[in-house]
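Engineer: No letters, just coordinates:
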């Protein structure tokens with residue numbers, strides 16, 4: 001008890017059926033596990049046994065009180081003994097019920113481990129049975145006379161009902177249940193035989209019938225609940241540990257949810273800043289690139305060719321732009337999920353923007369850029385589609401030495417957006433690797449290197465919109481990259497509405 005008082009949290013009950021703590025149940029379980037079977041004949045002290053015994057005790061007491069009152073009322077209506085004797089019997093019955101109730105309280109209030117260790121406490125059920133049986137034996141002698149009265153019939157019904165209730169206590173107090181049956185029914189049957197109510201053969205069948213009913217009750221009780229009751233403490237403790245584990249898991253989940261929400265909020269804040277900063281940074285780089293190429297063109301018109309340092313500056317700015325753009329895009333895609341915002345997109349508008357953005361770049365590299373007009377309208381994400389084609393066109397201009405073509409044509413019910421170049425091509429063994437992040441081929445770079453993310457970004461964006469990307473290339477002849485838009489995303493083709 002002192003150890004329990006030092007840990008108030010341990011005193012909290014973990015079952016609605018009793019008020020004992022987990023530590024108290026565990027102590028009792030350890031004692032019961034090592035005790036012999038003889039003590040269990042007196043009383044089993046697991047939580048399941050105690051709960052069953054308490055309920056059955058209440059039932060048997062309630063039935064007993066009901067039939068005692070019924071006997072008293074019946075005897076008042078059809079008297080077979082003197083009124084003074086009946087009143088005395090009623091007073092003794094009331095005292096008997098009160099004493100047995102006090103003893104029942106004494107049985108169920110001690111700690112389980114105290115009950116397990118105390119032989120005196122375990123003998124209390126026998127005392128309860130003997131006190132009750134003594135009163136019933138006196139009742140038999142008092143009311144069972146030469147004539148079969150209504151009082152005796154009520155008493156017989158009470159015996160049978162109480163006996164069935166006692167059978168419910170058999171798994172908990174087997175010796176007390178046997179003692180009750182042995183001290184009540186034999187005197188009743190003997191008294192019936194003495195007063196000559198029934199002949200011997202009939203009495204035999206009556207005894208056999210009552211015995212069969214009680215045996216069936218005992219058999220069902222023992223076989224259905226014995227194993228469960230014997231392991232009830234283990235189950236209680238396991239359930240308590242499971243409850244604790246669930247509570248700890250719920251607490252951990254709450255903590256994780258809070259951490260995840262905090263991380264998501266932090267990521268969202270950084271993502272907004274990151275997107276804004278990267279956009280501004282790319283805009284400035286793009287402006288620097290256009291200024292450099294404009295300066296080259298102006299110098300070429302004035303002097304016949306652009307100064308080599310200015311040309312190298314323009315190339316470097318362009319490389320930095322592509323490098324920063326691809327790295328920032330790939331990092332953003334790798335941290336967040338992409339959600340395409342689809343709407344009607346006239347493909348010609350995208351083509352015009354590409355032509356405008358790459359006009360000076362292609363001129364500076366002496367590459368002829370041809371962008372064919374188209375009347376196709378797609379259900380697509382304009383920003384993603386623009387980014388895909390910018391990366392493809394940038395690669396084509398970088399690697400080509402002659403002409404680059406951008407066009408759209410019908411294919412398998414959908415639309416293929418194609419970028420053709422006249423570069424040195426891609427070796428067959430490299431075609432399966434070119435969309436891998438940071439992969440680079442050394443053929444046709446014309447003295448320029450990237451970071452190997454341009455086509456990886458193209459693949460991520462195309463997958464997001466469920467587009468296919470097909471590459472055809474011949475070494476020494478050039479490369480064609482086609483973005484296949486399925487038929488369901490084509491709102492209008494060059495031939496009219498779809």
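Structural biologist: Arrived safely. Small disclaimer: the values here were computed from a predicted structure and weren't measured.
Engineer: From residue 169, how far off is the residue nearest to residue 492 when sequence neighbours are not counted?
Structural biologist: Counting by CB to CB, 6 or more residues apart in numbering, residue 377 is the residue found nearest to residue 492 once chain neighbours are left out, at 3.8 Å. Every residue, glycine included, has its C-beta placed from N, CA and C. Separation of residue 377 from residue 169 (CB to CB, to the nearest Å): 86 Å.
Engineer: what's the answer for residue 478, then?
Structural biologist: Distance from residue 478 to residue 169, by CB to CB: 96 Å.
Engineer: what do you get for residue 65?
Structural biologist: Residue 65 is 17 Å from residue 169, where distance means CB to CB.
Engineer: who's more crowded, those two?
Structural biologist: With neighbours defined as other CB atoms under 10 Å, residue 65 and residue 169 compare such that residue 169 has more, 25 against 14.
Engineer: Backbone dihedrals for the more buried one, please?
Structural biologist: When read as degrees, to the nearest 10, the backbone of residue 169 gives phi -90, psi 0.
Engineer: show me what contacts it?
Structural biologist: By CB atoms under 8 Å, 6 or more residues apart in numbering, the contact list for residue 169 reads 52-53, 56-57, 60, 176-177.
Engineer: Chain neighbours aside, what residue packs nearest to it?
Structural biologist: residue 56 (4.4 Å).
Engineer: just checking, that neighbour touches residue 165?
Structural biologist: Yes - taking CB atoms under 8 Å as the definition, residue 56 is a contact partner of residue 165 at 6.1 Å.
Engineer: what does stretch 196-215 rub up against?
Structural biologist: Stretch 196-215 is contacted from outside by 146, 148, 160, 163-164, 167, 181, 185, 189, 192-193, using CB under 8 Å, 6+ apart.
Engineer: change it to 7 Å
Structural biologist: Stretch 196-215 has contacts (CB atoms under 7 Å, 6 or more residues apart in numbering) with 148, 160, 163, 167, 181, 185, 189, 192-193.
Engineer: Out of those, give me the one that has the most neighbours.
Structural biologist: With neighbours taken as other CB under 10 Å, the top of the contacts of stretch 196-215 is residue 167, carrying 24 neighbours.
Engineer: How much space separates that residue from residue 215?
Structural biologist: Distance, residue 167 to residue 215, using CB to CB: 9 Å.
Engineer: same question, residue 172
Structural biologist: Taken as CB to CB, the span from residue 172 to residue 215 is 18 Å.
Engineer: Give me the more crowded residue out of these two.
Structural biologist: Higher neighbour count among residue 172 and residue 215: residue 172, with 26 against 11, using other CB under 10 Å.
Engineer: The more buried one and residue 404: what is the separation?
Structural biologist: 93 Å.
Engineer: Now residue 141. Nearest residue, chain neighbours left out?
Structural biologist: Leaving aside its chain neighbours, residue 141 sits nearest to residue 191 (7.0 Å; criterion: CB to CB, 6+ apart).
Engineer: now the helix or strand where the one you found lies: mean pLDDT?
Structural biologist: Element membership for residue 191 (DSSP states H and E) is helix 174-195. On average, the pLDDT along helix 174-195 is 83.
Engineer: For that helix, buried residues please.
Structural biologist: Buried residues in helix 174-195, counting neighbours by 16 or more other CB atoms under 10 Å, are found at 174-177, 179-181, 183-185, 187-189, 191-192.
Engineer: next one: stretch 66-85
Structural biologist: 67-68, 71-72, 74-75, 80.
Engineer: Now do the domain split for this protein, please.
Structural biologist: Using automatic domain parsing, the domain parsing of the chain gives 2-230, 259-336, 341-498.
Engineer: weakest of the ones you listed by average pLDDT?
Structural biologist: For the domains of the chain, where the average pLDDT is lowest is domain 259-336, sitting at a mean of 63.
Engineer: helices and strands around the helix or strand hosting residue 391, which ones?
Structural biologist: Element membership for residue 391, per DSSP H and E: helix 382-399. In terms of contacts (3 or more CB pairs under 7 Å, 6 or more residues apart in numbering; DSSP states H and E), helix 382-399 is packed against helix 347-364, strand 403-411, strand 414-421, helix 454-464.
Engineer: Distance to residue 472 for the ones you listed - can I get that in TSV?
Structural biologist: Shown next, in TSV, are the helices and strands packed on helix 382-399 (distance: least, CB to CB, whole Å):
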stretch	distance to residue 472
helix 347-364	21
strand 403-411	13
strand 414-421	9
helix 454-464	14
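Engineer: and of the contacts of stretch 196-215, the nearest to residue 353?
Structural biologist: Taking CB to CB as the measure, residue 167 is the one of those closest to residue 353, at 91.9 Å.
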